[in-house]
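S.K.: need a structure here:
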Amino acid sequence: MIVLGIDPGTASTGYGVVHSHGPRLHAVAAGVISTAAGVPLERRLADIHERVGALIDAHKADALAIEELFFGVNVRTAFAVGQARGVVLLAAGQRGVPSRSYTPQQVKAAVCGNGHAGKDQVARMVARLLALPALPRPDHAADALAVAICDLNRAPLARAVEAAGAPAPAVEAAGA
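M.R.: Coordinates of the predicted model:
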């Protein structure tokens with residue numbers, strides 16, 4: 001199974017492609033889709049949409065996992081991240097790729113065993129779980145890889161629960 005993990009943002013959208021073969025996880029690609037601050041928002045969102053679509057197509061992603069919106073103090077930032085999430089989900093929806101959303105705490109717990117782990121701890125665990133020679137950088141790419149790992153770790157349980165006809169526990173489907 002190949003999962004494209006996304007850490008959404010208008011200026012920087014992190015992505016990480018992880019392939020699972022049984023219990024083994026392998027990082028295929030990771031990076032950041034950057035957009036310039038002076039460019040109109042609609043153009044920035046179009047660029048994110050286009051690049052995510054290209055990543056889905058190039059890597060033949062079976063699923064997309066995206067971090068949930070975290071409402072902090074800055075409402076303007078929250079709206080911008082929400083718009084970036086929307087165009088990412090649109091790219092997946094246009095291609096019929098199932099999407100799942102995870103809170104930052106779910107991602108940290110799945111990767112580190114602690115929902116309050118720091119960014120550096122997440123990056124170290126991502127490197128360990130994917131047998132990377134160095135910490136993934138920048139932080140947005142590390143976070144996106146963590147989102148993909150979270151999804152792959154939860155996928156067997158989610159598929160089993162789904163096959164039984166019940167909604168998957170603690171995982172909110174994107175767009176729900």
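
S.K.: C-alpha only now, for contacts and for neighbours.
M.R.: Fine.

S.K.: sec struct for the spatially closest residue to Ala131 that is not a sequence neighbour, please.
M.R.: In space, and not counting its chain neighbours, Ala131 is closest to His26: 7.7 Å by Cα to Cα, 6 or more residues apart in numbering. Secondary structure assignment for His26 (DSSP: H, G, I helix; E, B strand; the rest coil): strand.

S.K.: could you pull out the helices for this protein?
M.R.: For the chain, the helices defined by DSSP state H cover 41-59, 75-94, 104-112, 119-129, 139-163.

S.K.: tell me what the shortest one is packed against?
M.R.: Which is helix 104-112. When contacts are defined as 3 or more Cα pairs under 8 Å, 6 or more residues apart in numbering; DSSP states H and E, helix 104-112 packs onto helix 119-129, helix 139-163.

S.K.: Output those helices in CSV, with mean pLDDT appended to each entry.
M.R.: Below are the helices and strands packed on helix 104-112 laid out as CSV (pLDDT from 0 to 100):
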stretch, mean pLDDT
helix 119-129, 95
helix 139-163, 82
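
S.K.: out of those, nearest to Ile2?
M.R.: Ile2 lies closest, by Cα to Cα, to one member of these: helix 139-163, at 8.6 Å.

S.K.: For Glu68, give its distance to Leu89.
M.R.: 12 Å (Cα to Cα, to the nearest Å).

S.K.: same question, Ala134
M.R.: As judged by Cα to Cα, Ala134 and Leu89 stand 30 Å apart.

S.K.: the more surrounded of those two?
M.R.: Per other Cα atoms under 10 Å, whichever of Ala134 and Leu89 has more neighbours is Leu89, with 25 against 11.

S.K.: Count the neighbours of the nearest residue to the more buried one once chain neighbours are set aside for me.
M.R.: With Cα to Cα, 6+ apart as the criterion, Leu89 has its nearest non-adjacent residue at 7.1 Å, and that residue is Ser99. Residues within reach of Ser99, counting by other Cα under 10 Å, total 23.

S.K.: Just to check, Ser99 is in contact with Glu67?
M.R.: No. Counting by Cα atoms under 8 Å, Ser99 sits too far from Glu67 to count as a contact (10.6 Å).

S.K.: which residues of this structure score low on pLDDT?
M.R.: Residues of the chain meeting the criterion pLDDT under 70: 71-73, 155-163, 165-176.
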